[in-house]
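Colleague: give me a 3D structure for the following:
(one chain, ligands or ions: 1)
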Amino acid sequence: MGFDFSQPRFLLAPLAGWTDRPFRQTVKRFGADLTVSEMVSANALVHNPSRSLRLYEKSPLEDPYSVQLAGSNTETIAQAVAILNDEEGIDIIDLNAGCPAPKVVRSGGGSCLLQTPALLGRLVETIKKRSQKPLTSVKIRLGFNELNGIELAKTCEAAGADFITVHGRTRSGGFSAPVNYDAIGEIKAALKIPVVANGDIDSYEKAQWVLAHTGADGVMIGRGAMGAPWIFEQLKRGEADLSDALRFSVILEHFDNMLHFHGQRGVAIFRKHLHRYTKGFHGATAFRDRINRIDNPDEARVQIAAFFAQGVAA
Ligand SMILES: Cc1cc2nc3c(=O)[nH]c(=O)nc-3n(C[C@H](O)[C@H](O)[C@H](O)COP(=O)(O)O)c2cc1C
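Modeller: Below you'll find the predicted structure:
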């Protein structure tokens, strides 16, 4: 399947540590138009391909599928692209130009690229030239400290990007400054390629408002999907909440997928998801205390099933 913007698209954001294959697979069931891997360091991919493969290995449901690379060296990015070229089922290679994590910024990648538009352009050009996948995309913020989103976006467009996603904050804005949707709209108006709007979109009404206000061609959802992989069904159709019974069966299925993919380690990795899933439930604190001390998959499954069964009955 290809990927286009003939209608507004709803994308799952890359979320390092969260959007692994089991989570993306769960989200995909509810209609996300595009899933994106967690950020994959180009350097790590080149030096230890099999380890990085775990980050971007996809579920057969993920069609179309995008892999996000992070890096700042054109030669390393070219080598990483060559590795991805040998992998089937990837439709898009995305470049991370937004990650604010100090470790990534120190290495010159992620949001550091917002300060070096010429380098950003060369990296996008390299991906576009070397990639044998249908599309090249970039995920940017509005700037590092100051707003220079239009310049950055135009640089990406001129370098050959097929579409861009704009997280409507600067790097200094972190994850909590108000999202500047006007600035996303200005970028959209200045470009010919499609623009996806991102930041604090967590409901049907908000998604519709952002699409109308910015003129964007799609929306990308990150934190709104944590603890709510079913959000895409609601975002796209504006339907009322799903039944508790369905939610709980999805949570158990997510847990089973975790074990299948991560083995026994999946029990510990699933805890952060469980913390989200149990938010607002009666007895959640005691349940989290209990589950944090359980490493045995069978025991964990019994506890999870019992907790949510009681939720349905209540
Ligand atoms: C835990 C976490 C991990 C993230 N990892 C990535 C990443 O790997 N690549 C990336 O481009 N953005 C990453 N982001 C940023 C999100 O993709 C998104 O741009 C941001 O959270 C704003 O969207 P939201 O309000 O819908 O969450 C991450 C954000 C969070 C909270």
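Colleague: show the contacting residues for the closest residue to the ligand within the stretch 201-314 of the chain.
Modeller: Proximity of the stretch 201-314 of the chain to the ligand (C-beta to the nearest ligand atom) peaks at G222, 2.8 Å away. Quick note: C-beta positions are derived from backbone N, CA and C, even for glycine. Taking C-beta atoms under 8 Å, 6 or more residues apart in numbering as the criterion, G222 is in contact with 12-15, 198.
Colleague: quick one: buried residues of stretch 252-270?
Modeller: Buried residues in stretch 252-270, counted by 16 or more other C-beta atoms under 10 Å: 254-255, 257-259, 261-262, 266-267, 269-270.
Colleague: contacts for that stretch?
Modeller: The list of residues contacting stretch 252-270 from outside it, by C-beta under 8 Å, 6+ apart, reads 20-23, 25-26, 229, 273, 294-297, 300-301, 304-305, 308.
Colleague: export only the CA atoms of stretch 142-155, formatted as CSV.
Modeller: Extracted as CSV, the C-alpha positions of stretch 142-155 are listed here (Å, rounded to 0.1, in the frame of the first residue of the first chain):
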residue,chain,number,x,y,z
LEU,A,142,9.2,25.4,15.0
GLY,A,143,12.8,26.3,15.8
PHE,A,144,15.4,25.8,18.5
ASN,A,145,14.9,28.9,20.7
GLU,A,146,13.4,31.3,18.2
LEU,A,147,10.8,30.6,15.5
ASN,A,148,12.4,29.7,12.2
GLY,A,149,10.0,27.0,11.1
ILE,A,150,9.2,28.4,7.7
GLU,A,151,12.9,28.5,6.7
LEU,A,152,13.4,25.0,8.1
ALA,A,153,10.4,23.6,6.3
LYS,A,154,11.3,25.3,3.0
THR,A,155,14.8,23.8,3.4
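Colleague: wait, does it contact the ligand?
Modeller: No. Judged by C-beta under 6 Å from any ligand atom, stretch 142-155 and the ligand are separated, with a smallest distance of 11.6 Å.
Colleague: that older thread, same list, the contacts of G222, but as a markdown table with secondary structure, pLDDT and distance to the ligand please.
Modeller: Formatted as a markdown table, the contacts of G222 follow (DSSP: H, G, I helix; E, B strand; the rest coil; pLDDT from 0 to 100; distance: C-beta to the nearest ligand atom, whole Å):
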| residue | secondary structure | pLDDT | distance to the ligand |
| --- | --- | --- | --- |
| L12 | strand | 98 | 9 |
| A13 | coil | 98 | 3 |
| P14 | coil | 98 | 4 |
| L15 | coil | 98 | 4 |
| N198 | strand | 98 | 5 |
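Colleague: relative to N96, which of the residues you listed is nearest.
Modeller: N96 has its nearest neighbour among the contacts of G222 in P14, at 7.5 Å by C-beta to C-beta.
Colleague: coming back round to it: buried only: go through the contacts of stretch 252-270 for me.
Modeller: Buried, going by 16+ other C-beta under 10 Å: 20-23, 25-26, 229, 273, 294, 297, 300-301, 304, 308, out of the contacts of stretch 252-270.
Colleague: so which of those residues sit within helices?
Modeller: Secondary structure from DSSP state H places 21-23, 25-26, 273, 297, 300-301, 304, 308 of the buried ones among the contacts of stretch 252-270 in helices.
Colleague: can you put these in TSV and add distance to G2 and pLDDT?
Modeller: Shown next, in TSV, are those (distance: C-beta to C-beta, whole Å; pLDDT from 0 to 100):
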residue	distance to G2	pLDDT
R21	22	98
P22	26	98
F23	24	98
Q25	21	97
T26	24	96
H273	31	98
P297	38	97
A300	40	97
R301	39	97
I304	38	97
F308	38	92
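Colleague: save those residues as JSON lines, and put in distance to the ligand too.
Modeller: Shown next, in JSON lines, are those (distance: C-beta to the nearest ligand atom, whole Å):
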{"residue": "R21", "distance to the ligand": "14"}
{"residue": "P22", "distance to the ligand": "16"}
{"residue": "F23", "distance to the ligand": "12"}
{"residue": "Q25", "distance to the ligand": "18"}
{"residue": "T26", "distance to the ligand": "17"}
{"residue": "H273", "distance to the ligand": "12"}
{"residue": "P297", "distance to the ligand": "25"}
{"residue": "A300", "distance to the ligand": "23"}
{"residue": "R301", "distance to the ligand": "26"}
{"residue": "I304", "distance to the ligand": "22"}
{"residue": "F308", "distance to the ligand": "24"}
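Colleague: thanks a lot, catch you later.
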